[in-house]
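> please find the sequence and the predicted model below.
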Amino acid sequence: MKKFIAIILLSLNLYSNSNTSDFLIKQNNVLPANKAFNIETTISDDSILISWNIKEGYYLYFKSIKIENNYEALNFEVLESEESIHNDEFFGESKIFRDKVLIKLNKSIGLDLNNILIKYQGCADVGICYPVQIHKLL
């Protein structure tokens, strides 16, 4: 009997997880992540610029921004941002970005542009947070 209940609960959880974000987006008029956090990249000879245009009513967590090259974390510099401190019930005080963020990643020898992943996570002010988003540079 316990196995049967566990299977039902697992099935419901899998089903609900697959539709949860769609349901919440429709019910609360929440934008999909790619519309709430519009990301753009510019590659030059010596650097990579990554910017997010963040829609009003949404924010991006500073600590969530990770740039990886072949799973190795890369350092970046924040050039422009509209930052503030957000008191999160789960994470406590967190630095967040609103409106626009521009970061710079220095190109170095051995950097494989085909394997750079940009990871980030944000939330809507209505209390819905997105899973980590992963954007491939190229």
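Yep, it's here. This one's a predicted model, so the numbers in the text were calculated from it and none came from an experiment.

> next one: the longest strand seen in the chain to chain centre, how far?
Criterion DSSP state E: the longest strand present in the chain is strand 92-106. Centroid displacement of strand 92-106 relative to its chain, using Cα atoms, centre = their mean, to the nearest Å, is 11 Å.

> paired strands for it, with orientation please.
strand 47-54 (antiparallel), strand 58-61 (antiparallel), strand 77-88 (antiparallel) (DSSP bridges).

> how about the ones you listed, which one is nearest Glu68?
strand 47-54 (12.6 Å; Cβ to Cβ). C-beta here means a position set from N, CA and C on the backbone, and glycine is covered the same way.

> can you list contacts of the closest one?
36-43, 60, 67, 76, 79, 97-107, 113, 116, 118, 120, 122, 137 (Cβ atoms under 8 Å, 6 or more residues apart in numbering).

> what do you get if the cut-off is 6 Å, keeping everything else the same?
37-42, 60, 98-107 (Cβ atoms under 6 Å, 6 or more residues apart in numbering).

> are any of the residues you listed buried, and which?
37, 39, 41, 60, 98-99, 101-105 (16 or more other Cβ atoms under 10 Å).

> what's the domain layout of this protein?
For the chain, the structural domains run 1-30, 32-136, going by automatic domain parsing.

> skip the chain neighbours and tell me the closest residue to Lys66.
Nearest residue to Lys66 in three dimensions, chain neighbours excluded: Lys119, at 4.3 Å (Cβ to Cβ, 6 or more residues apart in numbering).
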